[in-house]
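Visitor: Provided below are the primary sequence and the corresponding predicted coordinates.
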Amino acid sequence: MPSALIDIRDAWKSYHLGQVEIPAVRGVSLTIDPGQFVAISGASGSGKSTFLHLIGCLDRLDRGSYFFEAQPVENLSVRELAVLRNRRIGFVFQNFNLLARTSIVDNVALPLTYRGVRRRQRRQLAAQALERVGLSDRLSHHPNQLSGGEQQRVAIARALVGDPAVLLADEPTGNLDTATSLEIMRLLQATNREQRLTIVLVTHEPDIAAFAHRQVVFRDGQIIRDTDNGAARR
């Protein structure tokens, strides 16, 4: 049996608003194996996005332990965390986070810049990633020349270009209409199935969570349900 890709044990995370401490994640333990497609769901303020940020090393645990590919994360330096994020974790956000004045191919190539990959090679790799999401004819376009669904495909290509171990998606369909949302989810589902890429997705929409193999439901900073979706939606 493969070891867990993500192994979080008794995780706690709080934020402070003035003198008030606001608990966001309270004693959560979760393991995710390689190749799984996991939806983390729950109402607004349930702690699901905070938990995703902890998984993505965008924030640190207050207490508890986190092992990524069996490596303890909590004691890594800021630089070591940045390297881990760049090389092993792909991110997709609700607002796309594309550079408006930069071509699509160079948007996708950006993570490779921080690895020191030469410009010609990173543009080749970016073009291949865009082809995988069906945008090989848009390389020289800018974000404002694309629809919302196309922009999210660019963001997915950018997340995939560095060959990550896991793709983390925070409400990736939140700014999209229903038909486009389904297209994006089918793309993520196909990526998981064909590339065996681990995907962890945050959503508050049951229809979106139904695409995943497994659904983890948060309430008040804790996991209240962890279920197998059975035959995930096609």
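Guide: Nice, I can see it.
Visitor: how about the longest helix belonging to the chain: buried residues?
Guide: Counting residues, the longest helix in the chain under DSSP state H turns out to be helix 178-195. Buried residues in helix 178-195, counted by 16 or more other CB atoms under 10 Å: 180-185, 187-189, 191-192. Any C-beta I mention is one placed from the backbone N, CA and C, and that applies to glycine too.
Visitor: Including pLDDT and distance to E150, could these go into a markdown table?
Guide: Formatted as a markdown table, the buried residues of helix 178-195 follow (pLDDT from 0 to 100; distance: CB to CB, whole Å):
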| residue | pLDDT | distance to E150 |
| --- | --- | --- |
| T180 | 94 | 9 |
| S181 | 95 | 14 |
| L182 | 95 | 15 |
| E183 | 95 | 10 |
| I184 | 95 | 10 |
| M185 | 96 | 15 |
| L187 | 95 | 11 |
| L188 | 96 | 15 |
| Q189 | 95 | 18 |
| T191 | 95 | 16 |
| N192 | 96 | 21 |
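Visitor: List just the nearest of these to G64.
Guide: Of all the buried residues of helix 178-195, N192 has the smallest distance to G64: 27.2 Å, by CB to CB.
Visitor: and the closest one, what does it touch?
Guide: 35, 37, 198-199 (CB atoms under 8 Å, 6 or more residues apart in numbering).
Visitor: Repeat the analysis, applying 10 Å as the threshold.
Guide: Applying CB atoms under 10 Å, 6 or more residues apart in numbering, we find N192 in contact with 35-38, 167, 198-199, 201, 211-213, 232.
Visitor: Just the buried residues from those residues, in ChimeraX please.
Guide: In ChimeraX, a selection of the buried entries from the contacts of N192 looks like this (16+ other CB under 10 Å):
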select :36,37,38,167,198,199,201,211,212,213,232
